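**Student:** Turn this into a model:
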Amino acid sequence: MSSRSIDHFGGALSDAVRLNVCRNISSNLSSDNNGTEDLLKRIENLLEENAFVEAERRVQADEAVRAFVKGRSRLVQEGEETLKELEESVAQVGDCLRTAKPFLTGLHEEDLTDAEATLKEVRTAETQLEYLKWLELFHDQSDRIRSSLACDSTSDAMAFLQTLMDWCEHFRSSSCIRLRDYLHDITVYWTTLVCDHVARELPAILARIGFPRPPSVRNPETNIVDSRSRNEIADIVTLLLRLRLPDYIKPLSPGVDTPFLHELLPLKYFIAPLEKRFRFHFFMSDKTNRLDKPEWYFTQILSWIRDYGDFIDDLFQLSFRGEALRSSKSDFALGLAVLGRSKFLSSLSQLLEDGSLFAHAMDELLTFAKTLRALGYESVQRTFCTILVQPEVFHPWFAAETSLAESRADAFLASPTAWNCQYQEEDGSPEDAKAPECAQQFITMLKGITDRYSLLPSSLPQFDFLSLQLDLVEDFNERLKSHYEANQEDTEQCARIILPTQATATKFVGEVLADMASTPLIVELLSLSDSRSSPECGRKAKSLAVRLTSILDECNRLARESYLTHLRNDTLDSIHGLVREFARQGWKSMPAVTEFLVASMTPAMGELLYVTKTLISSQRDRLLTSLFTRYTNTLMQALDQILLEEASGISDLFFWKTLCYYYF
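**Tutor:** Numbers count the residues shown, from 1 in each chain. This is a model prediction of the structure:
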């Protein structure tokens, strides 16, 4: 064998084969030199086998290439055939259009109108058929649920009911409003029946555990619920949780309690025994069903919440483990609050016939809502207070608040003690004690209105109440100005009582109003003027913010400028004659120091000092400190100017200022 053949062999084989061949050659050569010919024969055989393998591999590669090319050719051929068919179809469409053109051009306008009407009728018929098809599906599904309930197959009934709920989701954005409402109604109907079927064993279980007797009156042995009853209740409640309807499925039939179909569905069967008692006592019985005693049924609801809240929470803890955002205790309280809301709405028409009864019922309703918040049921309170924004409740309530506030404002100013301090001022008493009784009562009324409308769950009705408060403040200021104008002829009365008390009242109302404007409720309302709020809220918030600033400025102007200026002028009018007498009797020169220490002065000087000190002391008891400081400063400046003009010399003015410093 030549070296070229060996090199070709070595290049074609792998390293492992070559190593094995070398080892065999070495072993054969070392063992028997005569076996060289056999070895060469073996090498030739290997070379022949290798050539055969390579030939087969080349044949396979050629076949693969030919198959690939054939497949590509077939695809190209199919594409050409498809393109040819498309061209033929286009040609056929063109022929059809050319054939139909004479016919279309020969049609009259009436024929086209008839064709459009016929097409419209066809489409209407298709829509009606689709409508009837869905109605048939609804009826078939209802039959399946009815059959499942008859066969006591709860799981099948729940599955079929779930299909109805899925259809409700499908029709959620549909324009077929009547079909959608019909679907909602039958879904609510079958949900109620399936839930009643699931919970049919609950009354017996509740009777076994002693519900609804309060835990405080049950025997100690029955206070503990056995594990069997607890597990049975948990299984039923779990199924009921799965049957809760989405919020967008609302029944149209009257008399259906919507909350008991959605979030409160499991609690429905635990509240039912209490609801029977509630309806007997507060819808039927003549002794306890009284319009003038709404506090009776609100108090009963609060008692049940306190008695059964912890018991229900403990009973539902197994079933509500997956409900991270829900509390069975809060749901139970909300279910009972729904009873109170239904009772109030049922008697609303009768309450509106008597304003005093309606006002009393509203007061009790608001007190009930505040009590819920005090007990820790803030979410229940917010949901319950949605009754306040219903038009049939809000409009008469707002009208009653407006009428009551106006009549009370009249009564405050007409009271004989309106300008007296409501609280006896003592050393260390707050500045508020100087405010007259009418201002104190007015502010108490404003805070009461704020406390009541803070329970409203939306901002738009709160804007109405805030606007009412600003109207009341403006009206209060106008009433004060009218009262001064009616009594301004009596200078002494104005200087001693009317002007200082009105200045203090106006300043006090302005300061309290500014404090109210900085509370979280008002700040949140006025901040709705930004772009994040609705356009209506933004307009109202901006308008009320401007009004509030204007009223605060007006209160400050009236108190510090208008009333104090009138008070200073009336005071000067009261002592102006004494100033003239003092100027007539004044010294021509300053007395000696010894004479000054003896406090020698003319009678006019003594009378002037006494009257001035009396007037200033009386104003100190009636004016706020900031107003009193401004008043005394302006008064002394005016007196200095008068003395400078009336007195006989600068020495008299200096002596007057010295005495004022000594006395005041």
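
**Student:** so where's the stretch 551-664 of the chain shaky on pLDDT?
**Tutor:** Counting by pLDDT under 70, the stretch 551-664 of the chain has low-confidence residues at 576, 579-606, 643-664.

**Student:** quick one, strands of it?
**Tutor:** Read by DSSP state E, counting those that start in this stretch, the stretch 551-664 of the chain holds no strands at all.

**Student:** does Thr288 sit in a helix, a strand or a coil?
**Tutor:** The three-state label given to Thr288 by DSSP: H, G, I helix; E, B strand; the rest coil is coil.

**Student:** Look at it and say how many residues are nearby.
**Tutor:** Number of residues near Thr288 (other Cβ atoms under 10 Å) recorded here: 14. Placement of C-beta: from N, CA and C, glycine included.

**Student:** I figured it was touching His281, is that so?
**Tutor:** Yes: Thr288 is within contact range of His281, at 4.5 Å (criterion: Cβ atoms under 8 Å).

**Student:** Find residues that contact each of these two.
**Tutor:** Tyr297 (Cβ atoms under 8 Å, 6 or more residues apart in numbering).

**Student:** any idea what sits nearest Phe508, other than its immediate chain neighbours?
**Tutor:** The shortest distance from Phe508 to any non-neighbouring residue, by Cβ to Cβ, 6 or more residues apart in numbering, is to Ala435 (4.1 Å).

**Student:** I meant to write Leu558 there.
**Tutor:** Nearest to Leu558 is Thr506, by Cβ to Cβ, 6+ apart, at 4.8 Å.

**Student:** How far off centre is the host helix or strand of that neighbour?
**Tutor:** Per DSSP states H and E: Thr506 is located in helix 499-517. Here the centre of helix 499-517 is set off from its chain's centre by 33 Å, with Cα atoms, centre = their mean, to the nearest Å.

**Student:** What is the subsequent helix or strand relative to it?
**Tutor:** With DSSP H and E, the next secondary element past helix 499-517 is helix 520-526.

**Student:** export that next one as PDB, just CAs?
**Tutor:** The C-alpha trace of helix 520-526 is given here as PDB (Å, rounded to 0.1, in the frame of the first residue of the first chain):
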ATOM      1  CA  PRO A 520     -59.400  68.200  57.100                       C
ATOM      2  CA  LEU A 521     -63.000  68.100  55.900                       C
ATOM      3  CA  ILE A 522     -63.100  71.600  54.500                       C
ATOM      4  CA  VAL A 523     -59.500  71.500  53.200                       C
ATOM      5  CA  GLU A 524     -60.400  68.300  51.300                       C
ATOM      6  CA  LEU A 525     -63.500  69.800  49.900                       C
ATOM      7  CA  LEU A 526     -61.800  73.000  48.700                       C
END
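
**Student:** Which residues are in contact with His360?
**Tutor:** His360 touches Asp292, Pro294, counting by Cβ under 8 Å, 6+ apart.

**Student:** elements contacting the helix holding Thr506?
**Tutor:** For helix 499-517, the packing partners by 3 or more Cβ pairs under 8 Å, 6 or more residues apart in numbering; DSSP states H and E come out as helix 437-453, helix 459-487, helix 520-526, helix 535-557, helix 564-585, helix 603-622, helix 625-646.

**Student:** Give me the angle between the helix or strand containing Ser356 and helix 437-453.
**Tutor:** Per DSSP H and E, Ser356 falls inside helix 355-374. Using axes from the mean of the first three to the mean of the last three Cα atoms, to 10 degrees, the inter-axis angle of helix 355-374 relative to helix 437-453 is 70 degrees.

**Student:** which of the residues in stretch 344-361 are buried?
**Tutor:** Buried positions in stretch 344-361, judged by neighbour count with 16 or more other Cβ atoms under 10 Å: Phe344, Ser347, Leu348, Leu351, Leu357, Phe358, Ala359, His360, Ala361.

**Student:** could you give me the average pLDDT of it?
**Tutor:** For stretch 344-361, mean pLDDT is 93.

**Student:** any idea of the pLDDT on Arg178?
**Tutor:** pLDDT recorded at Arg178 is 87.

**Student:** in the stretch 401-550 of the chain, what spans have low per-residue confidence?
**Tutor:** For the stretch 401-550 of the chain, applying pLDDT under 70 flags the ranges 422-430, 491, 495, 529-533.

**Student:** can you give me the helices in the stretch 151-300 of the chain?
**Tutor:** Taking DSSP state H, counting those that start in this stretch as the criterion, the stretch 151-300 of the chain carries its helices at 154-170, 177-198, 202-208, 227-242, 268-279, 294-315.

**Student:** before we move on, the earlier item: closest to Thr612 among the buried residues of stretch 344-361?
**Tutor:** Ala359 (51.2 Å; Cβ to Cβ).

**Student:** For that closest one, give me its contacts.
**Tutor:** With Cβ under 8 Å, 6+ apart, Ala359 has these contacts: Ala400, Leu404.

**Student:** now it: how far from Ala399?
**Tutor:** To Ala399, Ala359 is 11 Å away according to Cβ to Cβ, to the nearest Å.

**Student:** does Glu295 really touch Glu364, like I thought?
**Tutor:** Yes: counting by Cβ under 8 Å, Glu364 is a contact partner of Glu295 at 4.8 Å.

**Student:** Between those two, which has more neighbouring residues?
**Tutor:** Glu364 (19 against 15).

**Student:** The more buried one is in contact with Thr299, isn't it?
**Tutor:** No: contact between Glu364 and Thr299 fails when scored by Cβ under 8 Å: they sit 9.1 Å apart.

**Student:** Quick check, pLDDT for Trp296.
**Tutor:** 95.

**Student:** neighbours of it, just the number please.
**Tutor:** Neighbours of Trp296 (other Cβ under 10 Å): 14.

**Student:** which ones are touching the residue nearest to it when sequence neighbours are not counted?
**Tutor:** Excluding the flanking residues, the one nearest Trp296 by Cβ to Cβ, 6+ apart is Thr288, at 6.1 Å. With contacts defined as Cβ under 8 Å, 6+ apart, the neighbours of Thr288 are His281, Phe282, Trp296, Tyr297.
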